[in-house]
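1. Dropping a prediction and its sequence here:
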Amino acid sequence: MSEQRFPIDYFVRTVVCLLDTIQYKDTNYTHEHRLRNLEYVYSEAAIHFAQPCVNDALKVEPKKLEAFLRTTTRMVVYSWVKTSPKQMAALTIYYTYTAILNDSEDSHYPEMNTFYNDMICGRQQRHPWWRLVNKHLPNVLKHYGPFCAFNIYRSTLDYFEGRWIEQNNFHGYRGSEDYPGFLRRLNGLGHAVGASLWPSARFDEQELFQEITTAISMMEHWEPWLNDLLSFYKEFDDHHDQTKLINNYRHVEGQSVTEAVEKLAQNLLRVSEQVMYVFKDKDPRILDTLTPFMYGYVTWHLSDERYRMNEVYERVSENDEMGRKFCRYYEDANKVGRIDPAKWARLSVSE
């Protein structure tokens, strides 16, 4: 990565401002509880993907699949704090499937020609990803009321469409300012994330319909935008990720890197403030669920090696207050979030 190009000082200030806004402090677990959940969830997910019928359909190299599993296990365990370990395992399998699709460059056209008719007539899908996801989705949706389940399923359809568009490496035409947001809403899984925070065993979606609907509308943006910000460093020179939100802002609006990051940052700060403000006088269970999710999602990004935040940490100047605050946030996240996978990711999908 070119140090001349990446705006590291601006990036650090933006991250610190965000973490100050949400008052980041991850106390979601004790170390023992976090480790126990990681081990259980990873093992259940690894058993699922070790099935010959799954392996044969996906055709993903085992080491790459295990890397996906480690990442999604951390993400779900750290963030979906109000769900049971069994639900976490089902969600981890689901999000691993989305990670696999995100990494795929296979054409969808041959298998998708009959998608609609097959769906309406109840026939098995031709596309191997859809066959596997449709088989697994009931394991996820059974934990939710019909409204939340509907959101998760619809968001899955949106995600597939978004990835289909991204495979064409289309940034949007210059001047089509709605295009970046349109694509990010499709591929961000924000509705699936927002809806999956409210399992029916804990939350009555009819009683809390307005609160849950509002939370989903906020997570639609907060979750993918947070990912866009904290993925920015690793994706900066990655040609595989060139159709991400920041690059699309730059393309359709003719913006500089800093201007595009500023637009993302201001939108993310705005919705973060809304979450804290809107729910402060609503049913306390809502904020008691959203806040741990947000903290865990930050911890995952700051501590997972995939996002290379250790490189930012090493480059940050501690001669200014923002640099020192970033380092403290990074260290706090890694104290709770960086746990050697050898302690919990023991099963192999190839065994």
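-> Everything's here; your move.
2. Now stretch 25-34 - C-alpha only, PDB.
-> Output in PDB follows, covering the C-alpha atoms of stretch 25-34 (Å, rounded to 0.1, in the frame of the first residue of the first chain):
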ATOM      1  CA  LYS A  25     -16.200   0.000  25.200                       C
ATOM      2  CA  ASP A  26     -16.700  -3.700  24.500                       C
ATOM      3  CA  THR A  27     -17.600  -5.500  27.700                       C
ATOM      4  CA  ASN A  28     -19.800  -8.000  26.000                       C
ATOM      5  CA  TYR A  29     -18.100 -11.100  27.400                       C
ATOM      6  CA  THR A  30     -15.700 -12.500  29.900                       C
ATOM      7  CA  HIS A  31     -12.700 -14.100  28.200                       C
ATOM      8  CA  GLU A  32     -13.900 -17.500  29.100                       C
ATOM      9  CA  HIS A  33     -17.400 -16.900  27.800                       C
ATOM     10  CA  ARG A  34     -16.100 -15.500  24.500                       C
END
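3. after the helix or strand containing Ile93, next one along is what?
-> Element membership for Ile93 (DSSP states H and E) is helix 85-103. Once helix 85-103 ends, the next helix or strand along the chain (criterion: DSSP H and E) is helix 109-112.
4. so how far is that next one from its chain's centroid?
-> The chain centre lies 27 Å from the centre of helix 109-112; the measure is Cα atoms, centre = their mean, to the nearest Å.
5. show me the contacts for the closest residue to His48 other than its chain neighbours.
-> The shortest distance from His48 to any non-neighbouring residue, by Cβ to Cβ, 6 or more residues apart in numbering, is to Ile93 (5.1 Å). All C-beta atoms are positioned from the backbone trio N, CA, C, and that covers glycine. Listed by Cβ atoms under 8 Å, 6 or more residues apart in numbering, the contact set of Ile93 reads Glu44, Ala45, His48, Phe49, His136, Asn139.
6. Which residues lie in contact with the last one in this structure?
-> Just to be clear, that refers to Asn139. Listed by Cβ under 8 Å, 6+ apart, the contact set of Asn139 reads Ala90, Ile93.
7. what does stretch 156-168 contact?
-> 98, 101-102, 104-105, 107-108, 129-130, 133, 137, 183-189, 191-192, 243.
8. all helices in the stretch 251-351 of the chain, in order from the N-terminus.
-> In the stretch 251-351 of the chain, the segments counted as helices under DSSP state H, counting those that start in this stretch are 257-278, 284-303, 309-315, 321-337.
9. typo on my end, the stretch 101-250 of the chain
-> Remark: helices assigned in the stretch 101-250 of the chain by DSSP H, counting those that start in this stretch are 109-112, 115-121, 128-141, 146-166, 179-187, 190-195, 209-235, 245-253.
10. quick one, which of these is packed in tightest?
-> helix 190-195 (a mean of 26; mean count of other Cβ atoms under 10 Å).
11. That one - contacts with which helices or strands?
-> Here helix 190-195 touches helix 146-166, helix 209-235, going by 3 or more Cβ pairs under 8 Å, 6 or more residues apart in numbering; DSSP states H and E.
12. which stretch among those helices comes nearest Phe11?
-> Evaluated with Cβ to Cβ, the helices and strands packed on helix 190-195 place helix 209-235 nearest to Phe11, the distance being 6.6 Å.
13. any chance of the helices of the stretch 251-351 of the chain in CSV, plus mean neighbour count and mean pLDDT?
-> Listed next are the helices of the stretch 251-351 of the chain as CSV, based on neighbours: other Cβ atoms under 10 Å; pLDDT from 0 to 100:
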stretch, mean neighbour count, mean pLDDT
helix 257-278, 17, 95
helix 284-303, 21, 98
helix 309-315, 16, 95
helix 321-337, 18, 97
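14. and Glu220, which of those is closest to it?
-> For Glu220, the closest of these is helix 257-278, at 9.1 Å, according to Cβ to Cβ.
15. residues making contact with that closest one?
-> 5, 7, 10-11, 14, 17-18, 21-22, 214, 218, 221-222, 225-226, 228-229, 232, 245-247, 249-250, 253, 255, 287, 290, 294.
16. angle of that helix against helix 284-303?
-> With axes from the mean of the first three to the mean of the last three Cα atoms, to 10 degrees as the basis, helix 257-278 and helix 284-303 are set at 150 degrees to each other.
17. How far away from the center of its chain is helix 257-278?
-> The chain centre lies 17 Å from the centre of helix 257-278; the measure is Cα atoms, centre = their mean.
18. tell me the angle that helix makes with helix 245-253.
-> Note on geometry: by the same axes, to 10 degrees, helix 257-278 and helix 245-253 are set 120 degrees apart in direction.
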